[in-house]
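Peer 1: Give me the fold of what follows.
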Amino acid sequence: MKTKAFRILCVGSAVCSLLLLSSCDVHVGNQHADVPWYVIAIPTVIFLAIVFTITGYCLKKHTYKCPECSEEFHPKLFSSAILYSNGQEALLKCPKCKKRSYCRKTD
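Peer 2: Model prediction:
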């Protein structure tokens with residue numbers, strides 16, 4: 001249930017952000033320009049997608065060990081891109097026991 005509510009919150013926030021960016025006034029010196037929202041939104045979305053993909057691929061290489069069942073696993077790309085980590089442990093869902101816990105990095 002938390003995951004569904006979190007997704008709804010994220011999508012709602014994104015939609016509200018895009019609606020607020022319906023037009024932007026840009027002032028450079030004495031020049032004034034009205035910039036459409038998509039000129040700012042599209043590069044921002046592309047940049048964030050690239051950052052999350054690179055982060056996911058870099059963190060996906062690590063092996064984590066579940067404290068509940070001792071299963072060693074590599075997180076999925078999306079999970080590794082947005083994981084909550086303190087450097088040695090990460091909050092992940094074990095693929096074997098399906099429990100979400102702080103898994104320790106083994107490599």
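
Peer 1: Spatially nearest residue to the residue most central in space within the chain (excluding sequence neighbours)?
Peer 2: Compute the mean C-alpha point of the chain, and by C-alpha atoms, centre = their mean the closest residue is Ile82, 4.1 Å away. Spatial nearest neighbour of Ile82, excluding adjacent residues (C-beta to C-beta, 6 or more residues apart in numbering): Phe52 at 7.1 Å. Placement of C-beta: from N, CA and C, glycine included.

Peer 1: what's the distance between that neighbour and Asp34?
Peer 2: Relative to Asp34, Phe52 is positioned 31 Å away (criterion: C-beta to C-beta, to the nearest Å).

Peer 1: what about those two, which has more around it?
Peer 2: When Phe52 and Asp34 are compared on other C-beta atoms under 10 Å, the one with more neighbours turns out to be Phe52, at 15 against 8.

Peer 1: helix or strand for that one, which one?
Peer 2: In this structure, Phe52 is located in helix 37-60 according to DSSP states H and E.

Peer 1: Spell out the residue ranges of the strands in the protein.
Peer 2: Along the chain, the stretches classed as strands by DSSP state E are 23-28, 31-36, 64-65, 72-73, 84-85, 89-93, 100-105.

Peer 1: show me where pLDDT drops low in the chain?
Peer 2: Scanning the chain with the threshold set as pLDDT under 70 gives 1-10, 15-23, 81.

Peer 1: same thing but at 80, please
Peer 2: When residues are selected by pLDDT under 80, those of the chain lie in 1-28, 34-37, 40-41, 55-60, 77-87, 107.

Peer 1: got a list of what the residue nearest to Val35 when sequence neighbours are not counted touches?
Peer 2: The shortest distance from Val35 to any residue other than its chain neighbours is 4.7 Å, reached at Cys24 (C-beta to C-beta, 6+ apart). Contacts for Cys24 (C-beta atoms under 8 Å, 6 or more residues apart in numbering) come out as Asp34, Val35, Trp37, Val39, Ile40.

Peer 1: Now render these as TSV, adding distance to Leu91.
Peer 2: Listed next are those as TSV, based on distance: C-beta to C-beta, whole Å:
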residue	distance to Leu91
Asp34	44
Val35	39
Trp37	34
Val39	37
Ile40	32
